[in-house]
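Colleague: With the input below, show me the fold.
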Amino acid sequence: MKPLLTLVLLFGLLLAAGVWFLAPRTTSAPVALPPSPTPAASEVAAALEGQAPLPQHAPAAPPTRPVSARPDPIVGPKATLEVLCVRASDHRAVAGLAVEVRGGSEDRRITDEYFPPVGDENGRITLEVPAQSGLRVALLRSLTSARAKPVPCAALAEGEHRLVELAIELPGDTHLSGQVTDARDGEVLVGVEVSSAGNSQHEYLATTGNDGRFEIADTSWAPTQLLLEKQGYVARRVRLEPEAKLAQAEHAFTLARGATLQGFLLDAQGEPVQMGSVRVWTGTGFEARSFCDAKGWYSMDGLAPGEEYQVDIERWRRRVVEADPLAPLEPGETRRLDLRLPAPMILAGIVLDEDQKPYAGLELALARVPKSGIACFDPSLEPEETVLTDFEGRFRFVSARAGEWAVGPTTSSRSPIPLVPSLVSLPQTGDQPLVLQVLRRARLQGRVVDAAGKPAGVVQLSVRLEGCRNAGWATTKADGSFDVPVRGPWAYLVKARSRSGAADSPEVEARAGGGETVLQLGGSSWLEVHLAGATREAWLAGASETASTPGTSFRVAFDESGKASLDLAPGSYRLLAHVGGSWSHPRTVKLEVGATTLVGELALEPTAFVDLDASAYSSNVHVVLALEGIQVGEYVLDPLKPRSFPAPPGAIAIAHGETRHTIVTTRSGEHARVVLVP
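Modeller: Residues are numbered from 1 along each chain as shown. The predicted model follows:
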């Protein structure tokens, strides 16, 4: 046992010795530091060691560049224009307003479009402008709610320094005041609501006080339209021109006492009419409407006295019955008018085809015959009721009342071609049902040929009935033939027109089953204009003077060779060309059938400018400029941004809004300012 123990102890000693021998050892000797470097030979090293300061770095100055990346727009002699923005009411400086300057023959913007100049704390703006050219300074309305009348500036001499003042009107600076009184006794009216009446949506502005007076913020150079309303009085619209507003410190208005009409609207059983209303109107354009309450009671006040009113009974705002006219009302009168809706009548019948068989699934319309009569059913018709025939071809209308009615297939069923309806007078004599005959297989057949008698290809056909307001349209096949379905054996007037609109055929009478109808297109003609110096931006515009094509207008661009050509119907035309900043005088040209007409040299004249201000509108307005019937420009104008447009010299007709037209005379190089009023 002892030898084994001895071996174990010996092995343990050897293991401990091996571990000690292999373990890492540490020393207490100090770590030797690297030797100190020798003095630096460079300025940088010396500066790092504190022996010499490092010279200051001076970066190269960047190249001078304008705020905008646009090149300098001024070429040639220059002058200095100083603009001072002052408050119109007290002549104090207004800071921080942006302006724009335009000038030159083309009314070119001189100031930067994206970085316009802005006034300093003293309201001053100093600009470098081209000399020897007329200028116009305006406030940028898109960046502020302030207003200022644009200021024209005569041409500056080279090197000249000129000061121009912009009279700024801030919101609330200018006011319009007035007093409203009774038209009969002159007493002041309290509680009259004053609203802006420039558009269909009225904006409330003020209410008259105990002295009948009101005051509203207003601009001094734009026309103002107001709507004055008070219960029991006739509403009144007034329009104040800028001259009238500046001439008077306070304006006087009068309102006339209105009349009141009220009563019950009931059906044939004495019950209130659901969604019923009463409408009264006059031949002068006055109109009023009142909806009935749950008991059928209606009431409308503010009716103009002294006029005869027409009375309509309505359901869902559609006329159902025309009541007897209303005798003239007296000022302040309250008249009772109870109305009774007659019981509806049933109109029943059957539809048969050319074989006397029932016509099932056909859509029929019932329409009231107006006083002027009815010649046909066309897509513009608004029927009172529509029904479908059943499998036996029978139909039943339940909304008819006493009077004259028209019944027939709707033009939207299968064919857009107008048709002649059947007329029915209610109440009918006897109980016989109405029998309508509608043809299934009726066709207008024929072909269209050109001026040489060859097939005209695909062209448009106009198909109408005598006395019908609207025509139906169809298209021929590739070989010029047509096969148009119609509903009855009536005589139609058919006319062909080429796709370019340059050639028409005479109108020819055609009947279903009447044989082949041949339509021959008239010959067209060519117009060519050569203009030296014309570019792709140049264009030729014109309008037809031919009686058969009134209102026809066109506009075509010149090609790279300065040539403009187009295919037109023979006749007389008025032409003018626009090249860069110049316009030609309108010229009359007569085109012959099959001939090419060359227009000689056109004399050009520098452009004029029309400055349009649509601030009286509340939303964007569509504007069309025309000279002697020739359209020379079409734009959409923002009311907050007065703009200048190039136009030919002459009497420019400006169409704006729905029906408004304004005439302004322009001269070459000059600006004609126009304020558009709704």
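Colleague: where do the strands sit along the stretch 301-450 of the chain?
Modeller: In the stretch 301-450 of the chain, strands defined by DSSP state E, counting those that start in this stretch lie at 310-315, 318-322, 334-336, 339-340, 345-352, 363-368, 385-388, 394-400, 403-409, 422-426, 434-437, 443-449, listed in chain order.
Colleague: who does the fourth one pair up with?
Modeller: Each strand paired with strand 339-340, and its direction, by DSSP bridges: strand 259-266 (parallel).
Colleague: Show me how far the one helix or strand Leu81 maps to is from its chain's centre.
Modeller: Using DSSP states H and E, Leu81 falls within strand 78-87. From the chain centre to the centre of strand 78-87 is a distance of 36 Å (Cα atoms, centre = their mean, to the nearest Å).
Colleague: Would you mind listing the outside residues contacting it?
Modeller: Contacts with strand 78-87, where a contact means Cβ atoms under 8 Å, 6 or more residues apart in numbering, come from 92-95, 97, 99, 101, 117, 119, 123-131, 135, 137, 139, 148, 153, 156-170, 173. The C-beta positions use only the backbone N, C-alpha and C, and glycine is treated the same way.
Colleague: 6 Å instead?
Modeller: Residues outside strand 78-87 that contact it (Cβ atoms under 6 Å, 6 or more residues apart in numbering): 93-94, 97, 99, 119, 123-129, 131, 137, 156, 160-166, 168.
Colleague: Just the buried ones from these?
Modeller: Among these, the ones that count as buried by 16 or more other Cβ atoms under 10 Å are 94, 97, 99, 119, 123, 125, 127, 129, 131, 137, 156, 164-166, 168.
Colleague: Just to check, Thr389 is in contact with Leu352?
Modeller: No. Applying Cβ atoms under 6 Å as the test, Thr389 and Leu352 come out as separate, 10.2 Å apart.
Colleague: ranking the strands of the stretch 301-450 of the chain by mean pLDDT, which is last?
Modeller: Comparing mean pLDDT across the strands of the stretch 301-450 of the chain, the weakest is strand 318-322, with a mean of 80.
Colleague: May I ask which helix or strand of the chain has the lowest mean pLDDT?
Modeller: Every helix and strand of the chain was ranked by mean pLDDT, DSSP states H and E. The lowest is helix 43-49, at a mean of 43.
Colleague: Could you tell me how far Thr111 is located from Tyr635?
Modeller: Remark: distance between Thr111 and Tyr635 (Cβ to Cβ, to the nearest Å) = 22 Å.
Colleague: between those two, which one's more packed in?
Modeller: Using other Cβ atoms under 10 Å as the criterion, Thr111 and Tyr635 rank with Thr111 on top: 20 against 15.
Colleague: What score does the more buried one have for pLDDT?
Modeller: Reported pLDDT for Thr111: 87.
Colleague: Could I get the full set of helices for the stretch 1-150 of the chain?
Modeller: 2-22, 43-49 (DSSP state H, counting those that start in this stretch).
Colleague: which of those has the lowest average pLDDT?
Modeller: It's helix 43-49: among the helices of the stretch 1-150 of the chain, that one has the lowest mean pLDDT, namely a mean of 43.
Colleague: remind me which residues of the stretch 351-500 of the chain are low pLDDT?
Modeller: Low-confidence segments of the stretch 351-500 of the chain, defined by pLDDT under 70: 378-381, 412-416, 428-431, 499-500.
Colleague: go on, the stretch 51-200 of the chain?
Modeller: 51-75, 105-106, 141-145, 171-174, 198-200.
Colleague: try 80 this time
Modeller: Applying pLDDT under 80 to the stretch 51-200 of the chain flags residues 51-76, 89, 104-108, 113-114, 141-147, 169-175, 197-200.
Colleague: Show me the strands in it, by range?
Modeller: For the stretch 51-200 of the chain, the strands defined by DSSP E, counting those that start in this stretch occupy 78-87, 99-103, 108-109, 124-130, 135-139, 147-148, 151-153, 161-169, 175-182, 193-196.
Colleague: With distance to Thr665 added, can I get these in JSON lines?
Modeller: Putting the strands of the stretch 51-200 of the chain into JSON lines (distance: least, Cβ to Cβ, whole Å) gives the following:
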{"stretch": "strand 78-87", "distance to Thr665": "29"}
{"stretch": "strand 99-103", "distance to Thr665": "21"}
{"stretch": "strand 108-109", "distance to Thr665": "23"}
{"stretch": "strand 124-130", "distance to Thr665": "27"}
{"stretch": "strand 135-139", "distance to Thr665": "19"}
{"stretch": "strand 147-148", "distance to Thr665": "26"}
{"stretch": "strand 151-153", "distance to Thr665": "17"}
{"stretch": "strand 161-169", "distance to Thr665": "26"}
{"stretch": "strand 175-182", "distance to Thr665": "30"}
{"stretch": "strand 193-196", "distance to Thr665": "31"}
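Colleague: Which of these sits closest to Val589?
Modeller: strand 108-109 (32.7 Å; Cβ to Cβ).
Colleague: from the middle of its chain, how far away would the closest one be?
Modeller: 26 Å.
Colleague: Between the strands of the stretch 51-200 of the chain, which one is closest to Leu612.
Modeller: Among the strands of the stretch 51-200 of the chain, strand 135-139 sits nearest to Leu612 (Cβ to Cβ), with 12.5 Å.
Colleague: packing partners for that closest one?
Modeller: Judged by 3 or more Cβ pairs under 6 Å, 6 or more residues apart in numbering; DSSP states H and E, strand 135-139 is in contact with strand 99-103, strand 151-153.
Colleague: That one pairs with which strands, and in what direction?
Modeller: Looking at strand 135-139 with DSSP bridges, what it pairs with is strand 99-103 (antiparallel), strand 151-153 (antiparallel).
Colleague: Show me the contact partners of the shortest one.
Modeller: Yep, that's strand 151-153 we're talking about. Residues contacting strand 151-153 (Cβ under 6 Å, 6+ apart): Leu135, Arg136, Val137, Val164.
Colleague: Take the residues you listed and lay them out in CSV including distance to Asp559.
Modeller: Shown next, in CSV, are the contacts of strand 151-153 (distance: Cβ to Cβ, whole Å):
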residue, distance to Asp559
Leu135, 36
Arg136, 35
Val137, 40
Val164, 44
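Colleague: Could you single out the nearest of these to Phe397?
Modeller: Nearest to Phe397 among the contacts of strand 151-153: Arg136, at 66.4 Å, using Cβ to Cβ.
Colleague: Bridged to the closest one, which residues?
Modeller: For Arg136, the beta-bridge assignment (DSSP bridges) gives partners Arg102, Pro152.
Colleague: That one contacts Glu100, correct?
Modeller: No. In this structure Arg136 lies outside contact range of Glu100 using Cβ under 6 Å: 8.9 Å.
Colleague: Most tightly packed of the helices and strands packed on strand 135-139?
Modeller: Most buried of these, by mean neighbour count (mean count of other Cβ atoms under 10 Å): strand 99-103, with a mean of 21.
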